[in-house]
Every structure is written in structure tokens, then in C-alpha cells.
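S.K.: sequence and predicted model, in that order:
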Amino acid sequence: MNTITIRLSIMMFLQFFIWGGWFVTLGTFLGGTLGASGSEIGMAFSTQSWGAIIAPFIIGLIADRFFNAERILGILHLVGAALMYMMYMSTDFAGFYPYVLGYMIAYMPTLALVNSVSFGQMTDPSKEFGKIRVWGTIGWIVAGLVISYVFSWDSQQGIADGMLRNTFMLCAIASLALGIYSFTLPATPPAAKGTEAASLGQLLGLDALAMLKDRNFFVFFASSVLICIPLAFYYQNANPFLTEIGVENATGKMTLGQVSEVLFMLALPVFLNRFGIKMTLLLGMAAWVLRYALFAIGDAESGLFLLIIGIALHGICYDFFFVSGQIYTNAKAGDKVKSAAQGLITLATYGVGMLVGFWVAGQITDNYAGDAGHAWQQIWMFPAAFAVVVLVLFLLVFKQEDVKADA
């Protein structure tokens, strides 16, 4: 491993250590420490969607035209460190929300920036990027293990004592470190400097809208948006659910999802080439149904293994639908609109789809909240049933296509 690879791996580790260090336990913190309602928790999680919607403007209008990517990355993480500290200091949801909204608007563009910095130093990205990107997943895993097994901030006692608040201080320090470290990274000049300014439609991927005339792609596109509603339930409710029913070290156990993601990523190209895109996408949607059914019937004692299986299904849930969907989108798009097509699908899923999903999840969670806690079985059956409907519609309408994935 050369020096550049090590430096980029450290960048990627810190990038996702920060995200995994606070986002997983956000719902538990808001409900257990700030006394937020399900709707308010949904609002907080939906800041990710607003960040995803706004990010193309920051990248397309600023980073791609006027400044080096590593400098923008550094500035955004320094701003993020200050906002993360203000989240740590907040004592109620009204005071917390503006800071988390500002933070996600600052953070979401950095996901593209770390990729830009990495690609800018590579001679063969198809072979080199995976070795660097995996350190991001490792960073997310380490954050969860530290919170659960080193500090026990997510334990019942830790939540009662308000210790979960410390995740924001931990991530503020990591964000400060990455912000400073970013200025030492290799120079990555703006890719579009001196060229014609991109239109609003190009920034949002609207140049790829013509692809929706293809029936199969339209079905896939609509299914991607709809499946984000069940996806939002996992991000918003999984950690509060596990914590409330008494699962110990819930955040640490949830890192099994990231381990699974890495393992199934390796299997994805083989599965795509052997069984085709339709079967792969269907398996991904079926995994969402099974996961939520397991959450509905599992418990913290004799049914703990069901919950662990549900967590470990994350690799199939995410890789076999969203990653294979990116491969499918790339295969369907022509050379001129490949980037626009990926931008459009990202805007539709992480932007619009999950924005709706977090709102729905908040409403459903509030509807089944009581003095003794939540009726989790009823809550989890909603995304399970919704995923079944999407799966059946996709099965009936989507026609098999030959899409190959390079191993």
C-alpha cells in the first residue's frame, strides 16, 4: 500500500466514522434524551434528504468550477465540527433541529468530494477505489463498536444518564480532525474550471429524464423511490427499537449490517451475471420484507437471533437493490447521460423517496406510541407490507433484461 493510498484511506475512514458515530443512534438520542416525538425524529432524519437535494448545487456550482475539492472538503468539515458541537450543547428539539439541518447540508456534499479526491489520484479507479472505499465502511463499524463496547453510551444506564449526547462531541472532534487533515491531501483542481457553466437541469440529473420513456427503467425508477419508504423505517427506528426492547450494545450489534454489506458486495457481480438484474432486484426487495417480519416477531431474549438475522440482511437489502440498481442505471444510460442518470436516481431515492419515507415513519411511529413504549410489532409490519406491494408490482411489470456486471 503506497503513501497516497494510506492517506486516502485515512480520509475515507474518518468520513464514515463521523456519519456512523451519530446517525445510527440519532433516533434513540432524540427520543430518550430530548423527548422528541416520532414526527420530530422523522424531521431530524429527513435533513439527510434535504442535504442530498442541495448537495448537487454545492458540488456543481462551487466545487466543480472554482475551488480544489480537498479545500472545500476541509472547509465543510470544519463547519460541520462547529455545528456538531452545537448539537452536543442542545437541550431540546427546537434548538437541535437547525443545527442538524445545517450539518447535513454541509456533510452530504462531502460524500461526493471524498470520491473526487480519491479518483483524482488514481490511474485505474476500477481496481483501486474499492480498496480505499472499504475503509469508510470500517470507519462506520469502528464508530458503532466504540459507542457500544468501549463507552457503553447506548446502554439503558447510559441513555438515562444522558451519555448518548457524547456521540456528537466524539464526531465533532473527528470532524475537526478531518477538516484540518483535508488541507494536507493531494491537490484536486476543479474538473470543470473554464468550461461552460452547468445548467440547473444538468446539476439535478434532469438530462436523463428521457430514460423514463423506457418502460422497464420507469418501473425500476418508481420502485426505487417507493422502496425508500421501508428503508427510512430502518434508519429511523432500528436503534430506538433495539434499545427500547432491551437489546444490549444495540449500536455495536448493528455494525453487523456493514460487515454484511461488504461481504454481499463481493457476491453481487457473480449473482448479477448468473441470475440477471430482475432476480437480483427482487431478492433485494424480498430481503426488506423478511427483515421487517423478523423485527416484528423477534425480542431481546429467545428471539434475539431473529433480530440479528434481520440486521445481517442489510447486505442483501442494500447491495442487491440499490447497488445493483446503480449498475442497471449505468448500463441503461448512454455515454452522454451516465452521470446525469446516476444523479437523477440519487435525487429521487435519497432525496424525494427518503424524505417521504421519514415523514411516513414518523407518523406511523407516533400512531403506535404509548406510555409503556411503542407497539413495535405493528410498526414493523407496515414497512414489511409496503415492501411486499412494491415487490409484487415489480415482479409483474418489470421484464427481464441482460445486464452484466464486471467482477
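M.R.: Here it is on my side, so go on.
S.K.: where do the strands of this structure begin and end?
M.R.: 369-370, 373-374 (DSSP state E).
S.K.: and of the ones you listed, who's closest to A112?
M.R.: The stretch from the strands of the chain with the least distance to A112 (CB to CB) is strand 373-374; that distance is 35.9 Å. Where C-beta positions appear, they are placed from N, C-alpha and C, glycine not excepted.
S.K.: F398: neighbour count?
M.R.: Neighbour count for F398, taken as other CB atoms under 10 Å: 19.
S.K.: identify the residue nearest it in space, chain neighbours excluded?
M.R.: In space, F398 comes closest to V219 once its chain neighbours are excluded; the distance is 4.7 Å by CB to CB, 6 or more residues apart in numbering.
S.K.: how about W140?
M.R.: G20 (3.3 Å).
S.K.: which residues does the one you found contact?
M.R.: Counting by CB atoms under 8 Å, 6 or more residues apart in numbering, G20 touches G139, W140, I141, A143, G144, Q258.
S.K.: re earlier: would JSON lines of the strands of the chain with mean pLDDT and mean neighbour count be doable?
M.R.: Formatted as JSON lines, the strands of the chain follow (pLDDT from 0 to 100; neighbours: other CB atoms under 10 Å):
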{"stretch": "strand 369-370", "mean pLDDT": "94", "mean neighbour count": "11"}
{"stretch": "strand 373-374", "mean pLDDT": "94", "mean neighbour count": "16"}
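S.K.: may I see those strands organised as a markdown table, with distance to F67 added?
M.R.: Below are the strands of the chain laid out as a markdown table (distance: least, CB to CB, whole Å):
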| stretch | distance to F67 |
| --- | --- |
| strand 369-370 | 46 |
| strand 373-374 | 46 |
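S.K.: quick one: closest of the ones you listed to G334.
M.R.: Short answer: strand 373-374, nearest of those by CB to CB, at 47.6 Å.
S.K.: look at the closest residue to Y368 other than its chain neighbours and say how many residues are nearby.
M.R.: Excluding the flanking residues, the one nearest Y368 by CB to CB, 6+ apart is A375, at 4.1 Å. A375 has 14 neighbours, counted by other CB under 10 Å.
S.K.: buried stuff in stretch 250-268?
M.R.: Of all the residues in stretch 250-268, those buried under the rule 16 or more other CB atoms under 10 Å are 250-262, 264-265, 268.
S.K.: what's the closest of those to L170?
M.R.: T251 (12.2 Å).
S.K.: what pLDDT does the closest one get?
M.R.: T251 is assigned a pLDDT of 97 by the prediction.
S.K.: from memory it sits against V24, does it?
M.R.: Yes - contact criterion CB atoms under 8 Å: T251 and V24 qualify, at 5.6 Å.
S.K.: shared neighbours, these two?
M.R.: G144, N239.
S.K.: picking up where we left off before, kindly indicate which of the buried residues of stretch 250-268 lies nearest M279.
M.R.: L268 (12.2 Å).
S.K.: and which of the buried residues of stretch 250-268 is nearest P189?
M.R.: M265 (30.8 Å).
S.K.: show me the helices in the stretch 1-150 of the chain, by range?
M.R.: Secondary structure of the stretch 1-150 of the chain (DSSP state H, counting those that start in this stretch): helices at 3-22, 26-32, 38-58, 69-89, 93-119, 125-145.
S.K.: now these as a markdown table including distance to A333 and mean pLDDT?
M.R.: As requested, the helices of the stretch 1-150 of the chain are exported to a markdown table (distance: least, CB to CB, whole Å; pLDDT from 0 to 100):
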| stretch | distance to A333 | mean pLDDT |
| --- | --- | --- |
| helix 3-22 | 26 | 96 |
| helix 26-32 | 34 | 97 |
| helix 38-58 | 17 | 91 |
| helix 69-89 | 24 | 96 |
| helix 93-119 | 18 | 93 |
| helix 125-145 | 17 | 91 |
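S.K.: can I get those in CSV with distance to M211?
M.R.: Below are those laid out as CSV (distance: least, CB to CB, whole Å):
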stretch, distance to M211
helix 3-22, 30
helix 26-32, 34
helix 38-58, 18
helix 69-89, 28
helix 93-119, 21
helix 125-145, 24
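S.K.: having no further points to raise, I will conclude here.
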